[in-house]
Each structure stands twice: as C-alpha cells, then as structure tokens.
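A.B. asks: One predicted model, sequence on top.
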Amino acid sequence: MAGADKFLKGRLLLDSGQLVGSFFQRTVVLVCQHDADGAFGLVLNRNTGSKVGEMIVADLPDTLKACPLYLGGPVQTSALSFLHTDSFIPDANVMPNLSLGHSLDSLVEIGESFSSTRKIKMFAGYAGWSPGQLEEEMKRKAWLTHPASLELVFDSKPEDLWQVILSKKGWKYKLISQMPEDPSLN
C-alpha cells in the first residue's frame, strides 16, 4: 500500500472473528482519522442503553438529550464525540457530508439549528491506535474493511450492524456472522 490508499479514514472496520473476548468483539468501527500519527475511530454498534441527557450534564436542546448515547470505544469514556450529517456539509471531515465533532458548543449549535435532514449520533469514548498499530492489526487480519455510508452509520439497527455487513461479504463471512458469541457453545 502506498500513499493515501494505506489509510482507512472514512471506512468501516469489522471484527473478523479474531477479536473474541476483547472489547472489540463483534464491533463495527468507523475510522474517522487515520494517518502516520495513528488512527481514531468510533464504535457504531455499542449502545450504552442510556439517553444523552441522562449521562451528560450540560445545557443541551431536548432533541439532543433524547438521543441514545453510544460507547465509541474503550479510551477516555468520559470524552464526548459526535458524528453529524446533513444534506450538504461542504467542510465534512470524515467523508462526504459526514463530520466528526468534539466541542460541546458546536453540538449545541447543531442541535439548535433546524434541518429536516440533519442526523446526529453521540459517543462516550473512542477507539484509538498509536502509529503503526492499526496497520499491524490489519496485517494479522484482526479487522475486515467495508465502505462506510451514511445509511450504515445512521440508519442501521446497531445491534444487527456487524452481522448485516458480514453477511453481505460472501459465504465465508456469513458463516462467521452466524456463529454464537461464545464458540464453545457451538
């Protein structure tokens, strides 16, 4: 891999079935940043079971307080990150029309603006990799990659996301997606 092709920003990482027993077992991670300095991603399919307003003490619009809060990863679980999309975001920083934010002020501004096409997903914590770490995990085939889309990020049922994407990748991965979480139960 040469140049920008080796970086996975804007792609999904899926547990290849080798991460059994780890935090990342059966996860789908959106890679938001990836360069020579490391990588930053958010786990899309780990709902905390709580609403944002129950977990974040801030003056947020009611529409944001009612949103589910996701566990973005095991690093700094008290840190807030959010993904947002709208019909047109010219300066999107993850992929076309998808931006990552961390500022509470920006989140409030987005939440208070009216847009019928706006979508927001909020996360506590994140997944992070030091320089070369993700590349080594890719060499060990711990992760599979898949193109990200706004539909997969915002419109898919999080609890089914890993299995749905794997089942589209061919028969071998469909079998992996149907295995029990604990292979000893098979």
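C.D. replies: Ah, there it is. Numbers count the residues shown, from 1 in each chain.
A.B. asks: So in the chain, where's the weakest helix or strand by average pLDDT?
C.D. replies: helix 171-178 (a mean of 76; mean pLDDT, DSSP states H and E).
A.B. asks: hey, C-alpha coordinates of that helix in CSV?
C.D. replies: Extracted in CSV, the C-alpha atoms of helix 171-178 (Å, rounded to 0.1, in the frame of the first residue of the first chain):
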residue,chain,number,x,y,z
TRP,A,171,-20.5,-17.1,2.3
LYS,A,172,-17.4,-17.4,4.5
TYR,A,173,-18.2,-14.2,6.4
LYS,A,174,-21.9,-15.0,6.5
LEU,A,175,-20.9,-18.2,8.4
ILE,A,176,-18.8,-16.1,10.8
SER,A,177,-21.7,-13.8,11.4
GLN,A,178,-23.9,-16.7,12.4
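A.B. asks: Next, the buried residues of it.
C.D. replies: 173, 176-177 (16 or more other Cβ atoms under 10 Å). Placement of C-beta: from N, CA and C, glycine included.
A.B. asks: repeat for stretch 109-118
C.D. replies: 110-111.
A.B. asks: any idea of the mean pLDDT for that stretch?
C.D. replies: For stretch 109-118, the mean per-residue pLDDT is 87.
A.B. asks: any residues touching that stretch, and which ones?
C.D. replies: Here stretch 109-118 makes contact (Cβ atoms under 8 Å, 6 or more residues apart in numbering) with 60-61, 63-64, 84-87, 101, 120.
A.B. asks: mind redoing it with 7 Å?
C.D. replies: If you take Cβ atoms under 7 Å, 6 or more residues apart in numbering as the criterion, stretch 109-118 is touched by 60-61, 63-64, 84, 86-87, 120.
A.B. asks: Between which two of the residues you listed is the distance greatest?
C.D. replies: Across the contacts of stretch 109-118, the longest distance by Cβ to Cβ is 22.9 Å; it joins 60 and 87.
A.B. asks: Residue 53: neighbour count?
C.D. replies: Residues near residue 53, counting by other Cβ atoms under 10 Å, number 16.
A.B. asks: Lovely, talk soon.
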